[in-house]
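> would you be able to build a 3D model of this:
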Amino acid sequence: MAVGWAGDSAVQDQIQDSINDEIRRARACLPQGVSLEYCEECGDRIPEARREALPGVRLCVHCQEEADREQQAVSLYNRKGSKDSQLR
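Down below sits the predicted model:
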């Protein structure tokens, strides 16, 4: 191996760091606390089944889908700039 080249472990470390970052981001997005009865965006009633399934839910399904789409558009940016990710 030439001097100055990152080994396989460096690539694996970068992949693992990216996975860990995404896990932290996803956990930070999980709702917490008491569920709202009405969506904080549109004011529609949040079904009881949704409130029970997701403690701390704050958005109805429609508004949550919108928020997820917006978040996905932001998260597509690769701040580490690895060569592999730029080829996608």
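> report the central residue of this protein.
residue 26 (3.9 Å; Cα atoms, centre = their mean).
> check contacts around that one.
Neighbouring residues of residue 26 by Cβ atoms under 8 Å, 6 or more residues apart in numbering: there are none. C-beta here means a position set from N, CA and C on the backbone, and glycine is covered the same way.
> check the secondary structure at it for me.
Following DSSP: H, G, I helix; E, B strand; the rest coil, the label given to residue 26 is helix.
> what's the answer for residue 31, then?
On the basis of three-state DSSP, residue 31 is classed as coil.
> which residue ranges form the helices in the chain?
With helices called from DSSP state H, the chain shows them at 8-29, 48-53, 61-75, 83-86.
> those: which one's closest to residue 40?
In terms of Cβ to Cβ, the element of the helices of the chain nearest to residue 40 is helix 61-75, at 8.1 Å.
> packing partners for that closest one?
Using 3 or more Cβ pairs under 8 Å, 6 or more residues apart in numbering; DSSP states H and E, the elements in contact with helix 61-75 are helix 8-29.
> now the helix it packs on: buried residues?
Buried residues in helix 8-29, counting neighbours by 16 or more other Cβ atoms under 10 Å, are absent.
> list every C-alpha atom in it, with coordinates, as PDB.
The C-alpha coordinates for helix 8-29 follow below in PDB (Å, rounded to 0.1, in the frame of the first residue of the first chain):
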ATOM      1  CA  ASP A   8      -9.800  -0.300   4.300                       C
ATOM      2  CA  SER A   9     -10.400   0.500   7.900                       C
ATOM      3  CA  ALA A  10     -10.500   4.200   7.200                       C
ATOM      4  CA  VAL A  11     -13.300   3.700   4.600                       C
ATOM      5  CA  GLN A  12     -15.200   1.400   7.000                       C
ATOM      6  CA  ASP A  13     -14.800   4.000   9.800                       C
ATOM      7  CA  GLN A  14     -16.300   6.700   7.500                       C
ATOM      8  CA  ILE A  15     -19.200   4.400   6.600                       C
ATOM      9  CA  GLN A  16     -19.800   3.600  10.300                       C
ATOM     10  CA  ASP A  17     -19.600   7.300  11.200                       C
ATOM     11  CA  SER A  18     -22.200   8.100   8.600                       C
ATOM     12  CA  ILE A  19     -24.500   5.400   9.900                       C
ATOM     13  CA  ASN A  20     -24.100   6.600  13.500                       C
ATOM     14  CA  ASP A  21     -24.800  10.200  12.400                       C
ATOM     15  CA  GLU A  22     -28.000   9.100  10.700                       C
ATOM     16  CA  ILE A  23     -29.100   7.000  13.700                       C
ATOM     17  CA  ARG A  24     -28.600  10.100  16.000                       C
ATOM     18  CA  ARG A  25     -30.500  12.300  13.500                       C
ATOM     19  CA  ALA A  26     -33.400   9.800  13.300                       C
ATOM     20  CA  ARG A  27     -33.600   9.400  17.100                       C
ATOM     21  CA  ALA A  28     -33.600  13.200  17.500                       C
ATOM     22  CA  CYS A  29     -36.700  13.400  15.200                       C
END
